[in-house]
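Asks: generate coordinates for the sequence data below:
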Amino acid sequence: MARYARTHVTAFSLILQYLFLLLWLLELSSSLSTSSSASGSTLPLIDFKEPRAIYVHIPFCRKRCYYCDFAVTVVGNQEEGEENENFLRMAESYSAAVIEEIGLVKKSYGMVRPALDSIYFGGGTPSVAPTRILRDILGAIRDNFIISDGAEITIEMDPGTFSTRKLQSIVQMGFNRVSLGVQSFDDSLLEGCGRIHRSRDVYEAVQMLRDGGIQNFSLDIISGLPGLTLGKWAETLEIACSLSPNHISCYDLQIEESTPFFKLFGEDETAPKISKYNRTGDLPDPTETAFMYKYASGYLRSKGYEHYEISSYGKPQFWSQHNKLYWEFGSNWFAVGCSASSSFNGFRFARPRTIADYCKWVNSLNVPAEISLSTQFPWQSSGHVDRNDVLSEVLLSKLRTRDGLDLMTIQTYFGDGTVR
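Replies: Residues are numbered from 1 along each chain as shown. Prediction:
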């Protein structure tokens, strides 16, 4: 999702860090391959946890931002109660498929209703979806799962995409945490990266959240944007903290090949450049983005935010429970909706990216109950999982976190020869 700077200021030191890490991973992978050849390359006996979280992908967006390569469907300006019929039909068809998959996930557990500590509606921009669509999907989760007392129920929202009335409906449904897609407080930077909102919309959105009873909210901001200077980044952090969110996510811009930004800033200097996108300036150089990362970490920690994961800062007791689960050793989680990725006992499974393909896929799963679980849900089959893949997943996940990597745990689960 993002290109993350490390803690040293110079680009050269960053390169050295990554080279040393790469060499270490290669050595670990080599030693694991040697040990797995002798042991039959079976999955290590990891104590996988029961899934206690579900991610729901809501793909609708008013506009695709110039840096975005997520699975989104652009629907334009759809005001609550004034949506056009085509959008409503598409949203209802998609909702029906998601609800169908939720039921199938529960069916895979037999008579047991799995308990959830976290529900996360991401996107896309879920706040663009019609209220009844959000209510129906959350209702289906309630019907098929047990929601724990104190569960964190998060919805991603963008400034300028919801009214006070819609927020009231969202709170009444049971959402108790909001992740607000701010990205910047500078109007020229927002316009330059294709965002539809402006800084005044951010302030209005934060006030609406507070007035509407949402005290637990997070702000997303992006470093490395074209035209972003060190001074503007310091101002971004200062303004973000002045709004007193419980959580801040700082992402460093990643230029993906499928995005308009790639046509502007991609590596191919001979490629024709597009001019219809407002260009606010060049990308900061790697030294500057590295400093932005280091400065953000120091500044936010000085303001009482704990830097618990590469891009995540939370006040004590307000770490994102959903995101934290992704980095835990042996964690599993459910996921529904197009492009959503679930994890079950070492298997990662990503659903089709487009709405049409996803709906067809869900229809193909609607089979008689006597069909085996592994036939219905290929990610839950008992097939072979490569030990190297599991090790790589563990390494990359734990190295993102403040806790870091426990080499004794690696040795326990992957063999004495893995750590040398």
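Asks: for the chain, what's the longest strand?
Replies: Using DSSP state E to define each element, the chain has its longest strand at strand 146-157.
Asks: now what about it, what contacts it?
Replies: Contacts with strand 146-157, where a contact means CB atoms under 8 Å, 6 or more residues apart in numbering, come from 52, 58, 113-127, 134, 138, 141, 170, 174-181, 205, 216, 320-322. In short, each C-beta sits where N, CA and C put it, glycine included.
Asks: with stretch 115-125 instead?
Replies: 50, 52-62, 70-73, 134, 137-138, 141, 145-148, 150-158, 161, 175, 179, 181, 321-322, 325.
Asks: swap the cut-off to 6 Å and go again
Replies: 52-56, 58-61, 72, 145-148, 151-156, 158, 161, 321-322 (CB atoms under 6 Å, 6 or more residues apart in numbering).
Asks: can you say which of these are buried?
Replies: Buried residues within the contacts of stretch 115-125, counting neighbours by 16 or more other CB atoms under 10 Å: 52-56, 58-61, 72, 145, 147, 151-156, 158, 161, 321-322.
Asks: the helix-or-strand element of the chain with minimal mean pLDDT: what's the following helix or strand?
Replies: Lowest mean confidence among the helices and strands of the chain (mean pLDDT, DSSP states H and E): helix 373-376, at a mean of 41. Downstream of helix 373-376, the next assigned helix or strand under DSSP states H and E is helix 387-398.
Asks: and that next one, what does it pack against?
Replies: helix 11-39 (3 or more CB pairs under 6 Å, 6 or more residues apart in numbering; DSSP states H and E).
Asks: what's the following helix or strand past the helix it packs on packed up against?
Replies: Moving toward the C-terminus from helix 11-39, the first helix or strand encountered (DSSP H and E) is strand 53-58. Packing partners of strand 53-58 (3+ CB pairs under 6 Å, 6+ apart): strand 115-123, strand 334-336.
Asks: and those strands, which is most packed in?
Replies: strand 334-336 (a mean of 25; mean count of other CB atoms under 10 Å).
Asks: dump the C-alpha coordinates for the very next helix or strand once past it into CSV.
Replies: Following strand 334-336 in sequence order, the next helix or strand is strand 341-344 (DSSP H and E). C-alpha atoms of strand 341-344 as CSV (Å, rounded to 0.1, in the frame of the first residue of the first chain):
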residue,chain,number,x,y,z
SER,A,341,-8.1,-11.1,1.4
SER,A,342,-8.7,-13.6,4.2
SER,A,343,-6.2,-15.7,6.1
PHE,A,344,-6.9,-19.2,7.4
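Asks: any buried residues in strand 341-344, and which?
Replies: Going by 16+ other CB under 10 Å, strand 341-344 has these buried residues: 342-344.
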